[in-house]
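Novice: I would like to see how this sequence folds:
(2 chains)
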Number of protein chains: 2
Amino acid sequence: MSGGLDRFSLNQATTKRWPVEETVNGCVKQGVSQLGLWRDQVDTFGLERTAALVRAAGMSVTTLCRGGFFTTPGWLDDNRRAIDEAATLGAPVLVLVSGGLPEGSRDLDAARRTVGDAIGELVPHAEAAGVQLAIEPLHPMFASDRCVVSTLSNALDLAAPFPPAAVGVAVDTYHLWWDDQVWTQLARAGAEGRIACFQVADWITPLPEGVLLGRGLPGTGCVELRRFREAVDATGYTGPIEVEVFHEAVWSRPGADVLAESIEGYLTHVL
Amino acid sequence: MSGGLDRFSLNQATTKRWPVEETVNGCVKQGVSQLGLWRDQVDTFGLERTAALVRAAGMSVTTLCRGGFFTTPGWLDDNRRAIDEAATLGAPVLVLVSGGLPEGSRDLDAARRTVGDAIGELVPHAEAAGVQLAIEPLHPMFASDRCVVSTLSNALDLAAPFPPAAVGVAVDTYHLWWDDQVWTQLARAGAEGRIACFQVADWITPLPEGVLLGRGLPGTGCVELRRFREAVDATGYTGPIEVEVFHEAVWSRPGADVLAESIEGYLTHVL
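Specialist: Model prediction:
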């Protein structure tokens, strides 16, 4: 089975309440050698300690989530720290969620320009650290309060002024599945060398209040996950595929069970 | 003030629990001469009775909501009936919400083709009745369970094979505000003669569970409503502007108050 898991990575958010030591042990037991980490969980266990734990287990880190939120005071220092943390953890990619509209603003165009400017300020630091920034388009239902970048097309436009090694995009099936332009834009992303990471989750309804915790494990919803994987592969991307799910019902279950189900969903519906 | 309300239309969904006789009286009192009607509310009061009531008050009907749901059994008869009802009511436009993915399906492309085919079947009946069909793109958060048409661009592509007098699009700020392509697509819609109706609502968060009843009265959220109105006007559209809001907190208030607030929001934030 391990051949089937060569590209599989567990994003730590999927098993949010599984302490990191148990997560690493559980991954090793189930033949998983890659992890996507979250800053809050890294902070809880300690940055150097997490880096050492993962390294000692022979695992590699696929992404660090997340930087961004460019309209929050202190964003520049915070994002520089996030880049340094990614470097310390050996994460090649820092995922950026841009943040929503500034309080009281209705100016989406200006907010999107702000994202481009902020990334421009971060690029030298990211290049020096050897960390690629990944602009993540979030589903348009998050446009006002979480991420003004709503499509792969928009993310690629924002990345365009910068070298691909410094700025790529995060492709997440949950956020992009509805877009009739996504297949064209995936080909564009590949041609431009921008696919920095690939995350999978399924779309399930009804959405919960606040809509953040509505992501489904692969295979439980209506996203053409295999079509996405094939489209991403067709661009030449051979990197990791993270299962990243936020859902209260998933979080309330034992981490090892959720990991097993993530693997099963991945093998059946993604690979 | 009545000059300011020349294009204002109250969509009946905004005051869902206001009986239609009170709605018509209330509109006349507040200088509103146009109504967008909903089939369920028309059915409750009676089709001919509603038509007579509105006519007797000197009001006109701007749209009938809604046909569509093309994967529901019986859709063809139901949509033909909806066209006939629109004709009886004197509504020039029948708004179409396409419906989501068929049960168990993940094939969005096929679902979108089904919408085009279904509209093709309806066009002769609509032309004979003198009713324009309006394809309404709904926010992508409804793509799986309510409307597979998620962008103005997609709606225009689906309308393209048919004459504009028979098939147009519904422009609704709530569904389209997040799209960085919307300004280009509005110009395209105008150039192609496809803007069949224009509805306004504001985007407010947090979204409620199920996300359907999250629309805000004009001015309560973050949508650039005036920019939309100006962009729609710039295409040459001079038709009605409906305020259409679904929200439990709005519905629970007296209809006359909600109408007054809709007018105020329209005058301040749209006009």
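Novice: List the residues that contact the nearest residue to A:Ser150 once chain neighbours are set aside.
Specialist: Nearest non-adjacent residue to A:Ser150, counting by CB to CB, 6 or more residues apart in numbering or on different chains: A:Pro140, 4.3 Å away. Any C-beta I mention is one placed from the backbone N, CA and C, and that applies to glycine too. Contact analysis of A:Pro140 by CB atoms under 8 Å, 6 or more residues apart in numbering or on different chains lists A:150-151, B:139-141, B:178-179.
Novice: Name the nearest of these relative to A:Gly214.
Specialist: Comparing the contacts of A:Pro140 against A:Gly214 with CB to CB picks out B:Met141 as the nearest, at 9.4 Å.
Novice: so the closest one sits in a strand?
Specialist: No: with DSSP: H, G, I helix; E, B strand; the rest coil as the criterion, B:Met141 is located in helix rather than a strand.
Novice: For the nearest residue to it once chain neighbours are set aside, give me its contacts.
Specialist: Spatial nearest neighbour of B:Met141, chain neighbours left out: A:Met141 (4.2 Å); criterion: CB to CB, 6+ apart. For A:Met141, the contact set (CB under 8 Å, 6+ apart) comprises A:207, A:211, B:139-141, B:207, B:211.
Novice: again with A:Gly100
Specialist: A:71, A:111, A:142-148.
Novice: Need the nearest residue in space to it, chain neighbours excluded.
Specialist: A:Asp145 (4.2 Å).
Novice: Top of the contacts of A:Met141 by number of neighbours, please.
Specialist: Ranked by neighbour count (other CB atoms under 10 Å in any protein chain shown), the contacts of A:Met141 have B:His139 at the top, with 27 neighbours.
Novice: For the closest residue to it other than its chain neighbours, grab the count of nearby residues.
Specialist: Distances taken as CB to CB, 6+ apart place B:His175 nearest to B:His139, at 4.5 Å, with adjacent residues excluded. B:His175 has 28 neighbouring residues, counting by other CB under 10 Å.
Novice: in which helix or strand would I find B:His175?
Specialist: For B:His175, the host element (DSSP states H and E) is helix B:173-176.
Novice: So which elements touch that helix?
Specialist: strand B:195-200, strand B:202-203, helix B:225-234 (3 or more CB pairs under 8 Å, 6 or more residues apart in numbering or on different chains; DSSP states H and E).
Novice: Please identify the deepest-packed of these.
Specialist: Among the helices and strands packed on helix B:173-176, strand B:195-200 has the highest mean neighbour count (mean count of other CB atoms under 10 Å in any protein chain shown), at a mean of 26.
Novice: Just want the angle from that strand to helix B:225-234.
Specialist: Interaxial angle of strand B:195-200 relative to helix B:225-234 (axes from the mean of the first three to the mean of the last three CA atoms, to 10 degrees): 170 degrees.
Novice: where does the stretch 51-200 of chain A come near chain B, residue by residue?
Specialist: A:101, A:105-109, A:112, A:139-141, A:143-145, A:150-151, A:153-154, A:177-181 (CB under 8 Å from any CB of the partner chain).
Novice: Helices of chain A, start to end?
Specialist: A:20-29, A:39-45, A:47-56, A:75-89, A:108-129, A:152-159, A:173-176, A:182-191, A:225-234, A:248-251, A:255-265 (DSSP state H).
Novice: which of those is buried the deepest?
Specialist: Ranked by mean neighbours (mean count of other CB under 10 Å), the helices of chain A are led by helix A:173-176, with a mean of 25.
Novice: now that one, how far from the chain's geometric center?
Specialist: 11 Å (CA atoms, centre = their mean, to the nearest Å).
Novice: Can I get it as CSV, trimmed to CA atoms?
Specialist: What follows is helix A:173-176, C-alpha atoms only, in CSV (Å, rounded to 0.1, in the frame of the first residue of the first chain):
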residue,chain,number,x,y,z
THR,A,173,-10.5,21.5,-4.5
TYR,A,174,-12.9,22.7,-1.9
HIS,A,175,-12.4,26.3,-2.9
LEU,A,176,-12.3,25.9,-6.7
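Novice: quick one: contacts of that helix?
Specialist: A:136-139, A:151-152, A:182, A:199-203, A:215, A:223, A:225, A:228.
Novice: cool, and stretch A:182-196?
Specialist: By CB under 8 Å, 6+ apart, the list of residues contacting stretch A:182-196 reads A:93, A:132-134, A:151-153, A:156, A:159-160, A:164, A:167-171, A:176, A:179, A:228, A:231-232, A:234-237, A:239.
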